[in-house]
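Just a sequence and a predicted model for now, questions to come.
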Amino acid sequence: MRAYLTTACLDIDGVLCIDPTEEQTNDAEKYIEFILNAQPLFIPSRKVYALVTSRSEKYREQTEIWLKKYKVEYEYLIMQDLPGKEGGQKQISHAKHKALFYQKSSAELFIESDYKQSIEINHITKKPVFCAASNQIINNGFYNLKHEAVTSLKERLASFIPRGIKNQIKKLY
């Protein structure tokens, strides 16, 4: 099996760990506490190409502490350099920030937790995005792995069921 994570970009919040609450994101102290103690969801078993997050660059130290705590290995940690209120730069969307790195990188897959961001990242890059929330690969349209897997499983199971029982099941549905 090919090691896809070695050529993938992964979001952090919603992929590696749970998403912060709105209360946590709106309070700097609570947000730092969240970053340092976030409950893990998926810890990769091998080094990933890049972690691409919308977390502000000012939280790099706390993010790196969490990543080391869970032994997450990566080649790149890409964070958003968000301007202050008086900053002259215009803030870009989370999806666009992620897409800009993914587009210019050699990565072959982006793993994102947010469905809308998944679609936008794919739209910008024309590269595949796996949406963890919907269990779909978005690739210039929709390709629903979940649906295909369920259909395939039903077909395999159906091949083991005697015809008489199949007919009784069909009557129930």
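Right, received. Where do you want to start?

can you give me the strands in this protein?
Counting by DSSP state E, the chain has strands at residues 8-10, 48-56, 74-80, 109-112, 129-131, 136-138, 142-143.

Dump the ones you listed to TSV, plus mean neighbour count, mean pLDDT and distance to Glu120.
Using the backbone N, CA and C atoms, a C-beta is placed for each residue, glycine as well. Below are those laid out as TSV (neighbours: other CB atoms under 10 Å; pLDDT from 0 to 100; distance: least, CB to CB, whole Å):
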stretch	mean neighbour count	mean pLDDT	distance to Glu120
strand 8-10	25	96	14
strand 48-56	22	96	12
strand 74-80	17	97	15
strand 109-112	25	96	9
strand 129-131	24	94	9
strand 136-138	21	91	9
strand 142-143	12	49	14
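
Please identify which of those is closest to Thr21.
Thr21 sits nearest to strand 48-56 of all the strands of the chain, at 14.9 Å, using CB to CB.

That closest one pairs with which strands, parallel or anti?
Neighbouring strands of strand 48-56 in its sheet, by DSSP bridges, are strand 8-10 (parallel), strand 74-80 (parallel).

Tell me who's in contact with the closest residue to Tyr70 other than its chain neighbours.
Spatially, and ignoring its direct neighbours in sequence, Tyr70 is nearest to Ile43 (5.2 Å; CB to CB, 6 or more residues apart in numbering). By CB atoms under 8 Å, 6 or more residues apart in numbering, the contact list for Ile43 reads 16, 70-72.

Give me the pLDDT for Ile43.
Here, the pLDDT recorded for Ile43 equals 94.

What are the phi and psi values at it?
Here is the backbone geometry of Ile43 (degrees, to the nearest 10): phi -110, psi 120.

That one and Ile138, how far apart?
To Ile138, Ile43 is 24 Å away according to CB to CB, to the nearest Å.

May I see the contacts of Ile43 arranged in TSV, with pLDDT and distance to Arg60 as well?
As requested, those are exported to TSV (pLDDT from 0 to 100; distance: CB to CB, whole Å):
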residue	pLDDT	distance to Arg60
Leu16	97	15
Tyr70	97	16
Lys71	97	18
Val72	97	14
